[in-house]
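[1] turn this into a structure:
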Amino acid sequence: MRILIVDDKDENLYLLKTLLEGDGHETILAKNGVEALDKLRKDSMDMIISDILMPRMDGFQFCRECKKDENLKKIPFIFYTATYTDKKDEDFALSLGAEKFIIKPQDPEEFLKILEEVIEKYKKGLLIAPHEPIKEEEVYFAKYNKRLIQKLEKKMLDLEKSEKLAKHLYSALKAIQNVNRLIIRENSVNVILQEACDILIEARGYNSAWLGLLKDKKNFSMVVGSPPKENVSRFCEQVLQGEIPPCIKKALTRKDQFLLINTYQECGDCRLRDMHREEQSAIIRIEYNRKLLGLLAIMLAPDIYINEEEKELLEELTNDLAFCFQNIELEEKERQVEKKVQQSYKRLQKNMKDIIATIGKITETRDPYTSGHQLRVSKLATTIAQEMKLPLNKIEGIRIASLIHDIGKIGIPAEILVKPNKLTEIEFSLIKDHSQIGSDILKSIDFSWPITQIILQHHERMDGSGYPQGLKSEDILLEAKIVGVADVVEAMSSHRPYRPALGIDAALEEISQNKGILYDPEVVDICLKLFKEKEFKF
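    Numbering: from 1, shown residues only. This is a model prediction of the structure:
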């Protein structure tokens, strides 16, 4: 059957085209209702599968036009949508005369089964739309406008919720960042405790907060709070003197790091309850190596509720505070500051390495046939850079960039990445987009090295025949030239879904023959030397 697919997204068109042609159908593609109508009036079709949300003419309008046209109205019309998904959307779609309404995503086998049922009824002349198309234009436009308004209202509500959540998390994150800056800047425990409470109140808008450090399992050596009101100061004073309310006793004995207290339900007998009339409060244990160092407590304003993301951020904050307090406890003030900075730096470095490794693994889950490819490319590229006696900072940039040089493949359909035979021209053009996609994904991160440019340029070639920009030798970063050579050598010597491994000799022959043409001569010479003289192994 000749099936017209209408969708404004290239990836959706590609997936449906692949699925239907694999099932023996012929497909024609259009990106909106206007384009689709033009093709329908120039050529015959057996079925229409259309999205709803599209530019110029959406799916509802397109279906309406088809069912009004004597030459088109008998063509089976199927809606396939991910945006208009509620029952009222379906009712309206079917009231236009559509035969089916299918919500994305759909299991391929189930989707084909639905189509086969429609096709079978169509061939037998039994295909009847659930409803006669709306005839009155005023009725149609009233219903059409109602659906659009309701969808717009929902979009606005979703946007409002998203904005509130973003502001909510931003304020919590801002508080944590400011506390971390305080930890790095300050070496006085008392100042850190007091200013951390002040930061939490100012940035997040909690009613009050207090921090206490333990001197033993039951008693506190220091308790401070914010804002500096009489009830907060009196509360801190009484806790410091040993008058411990039930909620704090509970937090001291429980193993859970985070404890959310319903004040009205759990603090009925507490002598300190009148000091804090908030509905909820949260107490977070400050622990280091399973040792309880203290507690952070925050009293929530009536319009503030802690979600899972904020809970994790507060737990991270107490982990940072625990790290800080442990350092101050173990060292002299001067040595404490130095050690804290060093360990914080190491932790940031480890986090960077973990993040880079995780990004690399995410990329390779899309293409299991190249598992380990980026790690091997990084090993070779780093060794080449070391042999070239590049500065250590530049070598580190090459190491990191090569570990994630294929991150852009996240944006390529998996079926193309693992296709076991030769790619079509369209498929190869999609593959070539991965350098640009990778650069776009990472461009907002402020790396200390030109990571995004290395990723963008690692398929550029000396003679300008590379992609995506067709740069020539003098315009290509040296780091990108190194990663490019390492990438070619590893790829050719390894197995791919569309061919067996060509072997290291073939890979070295490729870079040798194209030295100075495609690949940087110095980089090629160093690479050949590593394999032939220094017995480099992946």
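[2] ok so residue 105 is a helix residue?
    No. Residue 105: not assigned to a helix; according to DSSP: H, G, I helix; E, B strand; the rest coil it is coil.
[3] nearest the middle, which residue of the chain would you pick?
    residue 441 (9.4 Å; Cα atoms, centre = their mean).
[4] report the contact partners of that residue.
    407-408, 410-411 (Cβ atoms under 8 Å, 6 or more residues apart in numbering). C-beta: built from backbone N, CA, C; applies to glycine.
[5] go on, residue 71?
    residue 41.
[6] then it would be within a helix, right?
    No. Residue 71 is assigned coil when assessed by three-state DSSP, not a helix.
[7] roughly how far does it sit from residue 255?
    Look at residue 71 and residue 255: by Cβ to Cβ, to the nearest Å, they are 73 Å apart.
[8] same question, residue 451
    Residue 451 is 41 Å from residue 255, by Cβ to Cβ.
[9] comparing those two, which residue is more hemmed in?
    residue 451 (25 against 8; other Cβ atoms under 10 Å).
[10] list the contacts of that one.
    Residue 451 touches 397, 400-401, 404, 442, 445, counting by Cβ under 8 Å, 6+ apart.
[11] state the pLDDT value of residue 271.
    In this model, residue 271 is scored at 51, pLDDT.
[12] next, count neighbours for the nearest residue to residue 200 once chain neighbours are set aside.
    Of all residues not flanking residue 200 in the chain, residue 209 sits nearest, at 4.6 Å (Cβ to Cβ, 6 or more residues apart in numbering). Using other Cβ under 10 Å, residue 209 is surrounded by 24 other residues.
[13] may I ask which of the contacts of residue 451 has the most neighbours?
    residue 401 (31 neighbours).
[14] helix or strand: which one has that one?
    helix 392-403 (DSSP states H and E).
[15] likewise for residue 39?
    helix 33-42.
[16] could you give the average pLDDT over that helix?
    Per-residue scores along helix 33-42 average to 92.
[17] again, but for stretch 521-536
    On average, stretch 521-536 scores 94.
[18] gap between that stretch and the chain center?
    38 Å (Cα atoms, centre = their mean, to the nearest Å).
[19] does residue 470 count as helix, strand or coil?
    coil.
[20] would you confirm that it contacts residue 459?
    No. With contacts counted by Cβ atoms under 8 Å, residue 470 stays clear of residue 459, the gap being 10.4 Å.
[21] domain-wise, how is the protein divided?
    As recorded under automatic domain parsing, the domains making up the chain are 2-135, 169-330, 346-532.
[22] distance to residue 339 for the ones you listed - can I get that in TSV?
    Below are the domains of the chain laid out as TSV (distance: least, Cβ to Cβ, whole Å):
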stretch	distance to residue 339
domain 2-135	51
domain 169-330	5
domain 346-532	11
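[23] out of those, which is closest to residue 538?
    Checking those against residue 538 by Cβ to Cβ gives domain 346-532 as the closest, at 4.4 Å.
[24] between residue 470 and residue 459, which is the more surrounded one?
    residue 459 (21 against 12).
[25] give me the pLDDT for that one.
    So residue 459 comes in at 95 (pLDDT).
[26] so it: helix, strand or coil?
    At residue 459 the chain is in coil, as set by three-state DSSP.
[27] how far away is it from residue 393?
    24 Å.
[28] and for residue 46?
    63 Å.
[29] what do you get for residue 9?
    42 Å.
[30] more neighbours: these two, which one.
    residue 9 (13 against 9).
[31] residues contacting the more buried one?
    Neighbours of residue 9 in contact, by Cβ under 8 Å, 6+ apart: residue 51.
[32] mind doing that once more with 10 Å?
    By Cβ atoms under 10 Å, 6 or more residues apart in numbering, the residues touching residue 9 are 15, 31, 51, 53-54, 82.
[33] same question for residue 294.
    Counted by Cβ under 10 Å, 6+ apart, residue 294 has contacts 193, 211-215, 220-223, 284-288, 318, 321-322, 325.
[34] and with 6 Å instead?
    Residues near residue 294 by Cβ atoms under 6 Å, 6 or more residues apart in numbering: 212-214, 286.
[35] would JSON lines of those residues with secondary structure be doable?
    Shown next, in JSON lines, are the contacts of residue 294 (three-state DSSP):
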{"residue": "212", "secondary structure": "strand"}
{"residue": "213", "secondary structure": "strand"}
{"residue": "214", "secondary structure": "strand"}
{"residue": "286", "secondary structure": "strand"}
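[36] most surrounded residue in the residues you listed?
    residue 286 (25 neighbours).
[37] so how far is residue 41 from the closest residue in space to residue 503 that isn't next to it in sequence?
    The shortest distance from residue 503 to any non-neighbouring residue, by Cβ to Cβ, 6+ apart, is to residue 493 (5.9 Å). Remark: distance between residue 493 and residue 41 (Cβ to Cβ) = 54 Å.
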